[in-house]
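Engineer: okay, predicted coordinates and the sequence, questions at the end:
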Amino acid sequence: MSSESESTQAGDRRKPIKIFGEHEPNTIAQLEDVASRAERAALMADGHQGYVMPIGGVAAYSNRVSVVGVGFDIACGNAAIRTDLTLHGTPGLIERLPGIADEIQDVVSFGMGRKNRADDAPVDHPLFASASWDALPSHARDGLRRKARAQLGTVGSGNHYVDVFVDESDAIWVGVHFGSRGFGHTVASGFLAISQGEKWGRRVPEREVLLPLEMPTGHDYWALMNLAGEYAYAGREWVARKVVSLLGARELELVHNHHNFAWREEHDGESVIVVRKGATPAFPGQKGFVGGSMGDDAVIVQGTTAPGTPTETLQREAMFSTVHGAGRVMSRTQAAGKRNWRTGKVLKPGAVSPGMMEAWVREKGVILRGGGLDESPHVYRRLPEVLAAQQGTVEVLHTLRPLIVVMAGADLFDPYKD
C-alpha cells in the first residue's frame, strides 16, 4: 500500500510526500524534515530511520546536493551477474558448493583491507589518475589514494555480502553488495566537517547540509562523489567476476546499480538533483538487483513500462525509484545484544539467538560463511511484502534463491559498514 503525507515547505507552501508501505513515526518524521528543504520527496517500502535522512528516502533538490542524504557509504550498491551455469545441468556443481563457499571466504577480502589470497584487484584502474583527486585538500590527497588502493575490492562487514544464487530457470547468479569503503566515508566526513566550518578530518554532528553545485565546495563534493561511484563500480564488478571465475563460469549478463548516490535528472520537465539513500533507480526498463537477507530470496526487477497509466503516475511520484532491500525492523543492538568490546562478554542478550539464525538458514538450505546475529533474517522485513507495497512500479524478472552466503564474521571490526 502507499499513502501521501503533507509537509510544510519554505514559504509555507505545502507539497505531497509519496510514502510506500507502513513505517514507524520516527521514520516518517525524518522524511518530513528532509522534505521541508527539498523540492519533493518519497519513501520506499523498505524505509527505516537513518542519519538525518531515512534509509529508503528519495529527495529532489534544485542544483544542491545533501551530504548526509548520499550518506557515509557513498555509492553503496548491488551488482549481480547471470552465468552460463545451471544448478542441475552442471556436473558436480551441487557437490562443490560447500567448497566454493570456503574458497570465496578464502579468496575475497571481508573487512578493511585486502588480506585474503586474492591480490589482483585493479589498483591501476584509470580512476586513480582522475583529476577529481585534486578536489581533495592537498594534505589528505596521497593518504586517501593509498587507502583507496588498499581497500579496492574489499567487501566490508555489516550487511555487505557475496552470494551465489539459483533462479527459477535453474541459472546460477553471483550477487554482491557493498560501496566505496573508506574512500567514500572519508569524503563524506570531510565535507560534512567543512560545511560546518571545521577542518577536514574533524568529527562533527550528522546534520543535513545542502551544498550548491555552482559553489566551489559543492562542485568539489560532486566531483569526488562521482569518483567514489566509479570506485564502487570497479570494486563490485571485480569481486563479482572473481567469484564467477571461482565457479568456472562465464558472464552472460550484469545488473548493477548504486543506491546511496545523487544524480542530475529531469522530472516533470524540471532539472533536479535526486538523492537516493537506500533506494534503487527504477526508470522504465531499467534493471536492478534487490537482496532479501541471508535466509531469503533476492530478485532482479525492472521499472515497469506503462505510459499514460496510474502505474506511470506512481512511478513519477516515486521519482522512478524502488527499494534496495527488504528493510530492517530491528537494530543491530536489538538483534545481537550488547557486548564488552574488549572481552566479548555479553552484557545484554539480543532478541536473536545463534540457534534461531542457524535454524532459519538451515531450513532454507543456505551454505553460510560468516554473518552475525545482527544480520539474521529475523531482523528484516520479508521482501515479497515490501515489493508488493511498491504498487507495481517495478516488475520481478527473476527470483534468486540463495545457495551460498558469505559475509564478514560477527566479530570483525569495520568502521565503514552502512
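Structural biologist: Nice, thanks for sending it over.

Engineer: helices along this structure, start to end?
Structural biologist: Using DSSP state H, the helices found in the chain span residues 25-35, 67-70, 93-107, 138-151, 181-195, 216-247, 310-317, 332-336, 354-364, 383-388.

Engineer: and the ones you listed, which is most packed in?
Structural biologist: helix 67-70 (a mean of 27; mean count of other CB atoms under 10 Å). C-beta coordinates here come from the backbone N, C-alpha and C atoms, glycine included.

Engineer: report the distance from that helix to the chain centre.
Structural biologist: Offset of helix 67-70 from its chain centre (CA atoms, centre = their mean, to the nearest Å): 13 Å.

Engineer: follow-up on the earlier one: of all the helices of the chain, which lies closest to residue 300?
Structural biologist: Nearest to residue 300, of all the helices of the chain, is helix 383-388, at 11.7 Å by CB to CB.

Engineer: so which elements touch that closest one?
Structural biologist: Here helix 383-388 touches strand 40-48, strand 298-303, going by 3 or more CB pairs under 8 Å, 6 or more residues apart in numbering; DSSP states H and E.

Engineer: what's the shortest one in contact with?
Structural biologist: Right, the one you point to is strand 298-303. 80, 163, 165, 167, 175, 255, 282-292, 315, 320, 322, 383, 387, 393-400, 402 (CB atoms under 8 Å, 6 or more residues apart in numbering).

Engineer: just to be sure, which of those are found in strands?
Structural biologist: Assignment to strands by DSSP state E places the following of the contacts of strand 298-303 there: 80, 163, 165, 175, 255, 287-290, 322, 394-400, 402.

Engineer: now the stretch 251-400 of the chain, which segments are flagged as low pLDDT?
Structural biologist: Counting by pLDDT under 70, the ranges of the stretch 251-400 of the chain that qualify are 341-344.

Engineer: do that again at 80, thanks
Structural biologist: 339-347 (pLDDT under 80).

Engineer: what does the stretch 1-150 of the chain give?
Structural biologist: When residues are selected by pLDDT under 80, those of the stretch 1-150 of the chain lie in 1-16, 112-113, 116.

Engineer: in PyMOL, select just the buried ones from the contacts of strand 298-303.
Structural biologist: In PyMOL, a selection of the buried entries from those looks like this (16 or more other CB atoms under 10 Å):
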select buried, resi 80+163+165+167+175+255+282+284+286+287+288+289+290+291+292+315+320+322+383+387+393+394+398+399+400+402
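
Engineer: CA atoms only for stretch 224-238, dumped as CSV, please.
Structural biologist: Provided in CSV are the C-alpha atoms of stretch 224-238 (Å, rounded to 0.1, in the frame of the first residue of the first chain):
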residue,chain,number,x,y,z
LEU,A,224,34.5,13.3,-5.5
MET,A,225,31.1,11.7,-5.0
ASN,A,226,31.2,10.6,-8.7
LEU,A,227,34.8,9.4,-8.3
ALA,A,228,33.6,7.3,-5.3
GLY,A,229,30.9,6.0,-7.6
GLU,A,230,33.5,4.8,-10.2
TYR,A,231,35.5,3.3,-7.4
ALA,A,232,32.5,1.3,-6.0
TYR,A,233,31.6,0.1,-9.5
ALA,A,234,35.1,-1.1,-10.1
GLY,A,235,35.2,-2.9,-6.7
ARG,A,236,31.9,-4.7,-7.0
GLU,A,237,32.5,-5.8,-10.6
TRP,A,238,35.9,-7.1,-9.7
